[in-house]
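Novice: I'd like to go over a predicted model; first the sequence, then the structure.
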Amino acid sequence: MATVEEKISIASSFLKAAPPGEINDVFNDVRGLVGDDELLDGGILNALEEYNTEELATVDVPGIEGKAIVSKHGQIESDRFLHPKTNKVFKLDHFRQVASDVQDHTVDEGIEELRKTIEKDTEDYMADRYAEGVSAVYGSNGKITIAIVHNKYSPSNFWNGRWRSIWQLETTTSQVKGTLKCKVHYYEDGNVQLETSKEIDEKLSKTSADPNTAVSRALLDLIATAELKYQTALNESYHEMAENTFNGLRRALPMTRSKLDWNKILTYRIGAELSAK
């Protein structure tokens with residue numbers, strides 16, 4: 001029989017692998033498996049914290065308009081996160097994903113003007129490409145980090161999906177590194193998950209009299225080009241999988257070209273032959 005520590009470890013792995021929009025369902029399931037709420041609450045907090053920060057969970061924050069992103073790039077403490085647009089820090093209950101205790105935060109004045117410029121251009125980009133998405137632009141220690149997340153949940157149609165991308169600009173070298181991730185769960189009469197990612201490493205080419213404007217426009221142009229290229233490649237892959245890969249994996253229909261109804265097996269010739277034997 002598994003020890004308590006082993007059960008907690010297994011439950012944590014389930015939580016960290018939870019599909020988009022289904023963390024509460026997975027949590028309730030593993031709560032039943034472990035069976036001890038006190039041990040469960042004490043043992044999986046780290047897993048929930050990792051899930052929220054890696055998946056860029058979005059939460060409502062008192063006094064702040066719109067959603068805020070929970071990201072390790074804005075993590076002040078294990079349960080406190082920065083909302084860079086308002087320079088506020090909020091406390092997060094990782095279990096319930098509820099924000100509270102909003103406080104002021106001191107910003108890095110050295111790159112704050114550049115951060116604000118990039119933030120405005122990022123918001124315009126989001127409005128054009130991700131109407132229901134959420135973004136956050138962080139700035140510290142000479143580095144600008146853009147976090148983008150777009151969730152699309154359709155449980156009535158048995159699918160949920162999440163797009164995430166993280167872009168980091170080293171302001172001293174103009175080097176940009178990006179990580180693009182897409183996760184989709186489809187579970188009608190089955191359980192299919194797709195998780196894919198791509199890394200980007202490029203250098204900005206700036207052309208403008210205003211340095212901040214030049215950097216921001218070059219950065220958002222790079223992001224737009226890279227994300228469109230990746231999304232186009234994903235669409236082509238989906239088409240290929242639907243037309244060829246999944247067809248190759250799917251069990252072929254019988255020669256009658258219709259599914260076998262096992263409740264009516266005796267009406268088929270094979271049923272008569274089996275009954276005769």
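Specialist: Thanks, I have it.

Novice: got the end-to-end distance for stretch 85-100?
Specialist: 17 Å (C-alpha to C-alpha, to the nearest Å).

Novice: now it: average pLDDT?
Specialist: For stretch 85-100, mean pLDDT rounds to 95.

Novice: got the buried residues for it?
Specialist: For stretch 85-100, burial by neighbour count (16 or more other C-beta atoms under 10 Å) applies to 85-86, 88-92, 94, 97, 99. Every C-beta, even on glycine, is put in place using the N, C-alpha and C of the backbone.

Novice: so who does Thr213 touch?
Specialist: Taking C-beta atoms under 8 Å, 6 or more residues apart in numbering, we find Thr213 in contact with Thr117.

Novice: quick check: which element contains it?
Specialist: Counting by DSSP states H and E, the element that carries Thr213 is helix 211-240.

Novice: tell me how far Leu204 lies from Ile166.
Specialist: 17 Å (C-beta to C-beta, to the nearest Å).

Novice: and if you look at Tyr130?
Specialist: With distances taken as C-beta to C-beta, Tyr130 is found 14 Å from Ile166.

Novice: then Ile8?
Specialist: Distance of Ile8 to Ile166, given as C-beta to C-beta: 29 Å.

Novice: dihedrals phi and psi, the nearest residue to Lys67 once chain neighbours are set aside?
Specialist: Nearest-residue entry for Lys67: Thr58, 4.1 Å, with adjacent residues in sequence omitted and distances by C-beta to C-beta, 6 or more residues apart in numbering. Geometry field for Thr58 lists phi and psi as phi -110, psi 140, criterion degrees, to the nearest 10.

Novice: same deal with Lys91?
Specialist: Here the main-chain torsion angles of Lys91 (degrees, to the nearest 10) amount to phi -90, psi 140.

Novice: quick one: residues contacting Thr122.
Specialist: 135, 137, 146, 148, 220.

Novice: roughly how far apart are it and Pro84?
Specialist: Thr122 is 11 Å from Pro84, where distance means C-beta to C-beta.

Novice: can you pull the residues that touch both of those two?
Specialist: If you check Thr122 and Pro84 against C-beta under 8 Å, 6+ apart, the residues they both contact are Val137.

Novice: which helix or strand contains Ala68?
Specialist: Per DSSP H and E: strand 67-69 holds Ala68.

Novice: tell me where the model's unsure across the chain.
Specialist: For the chain, the stretches flagged by pLDDT under 70 are 36, 38-42, 206-209, 241-277.
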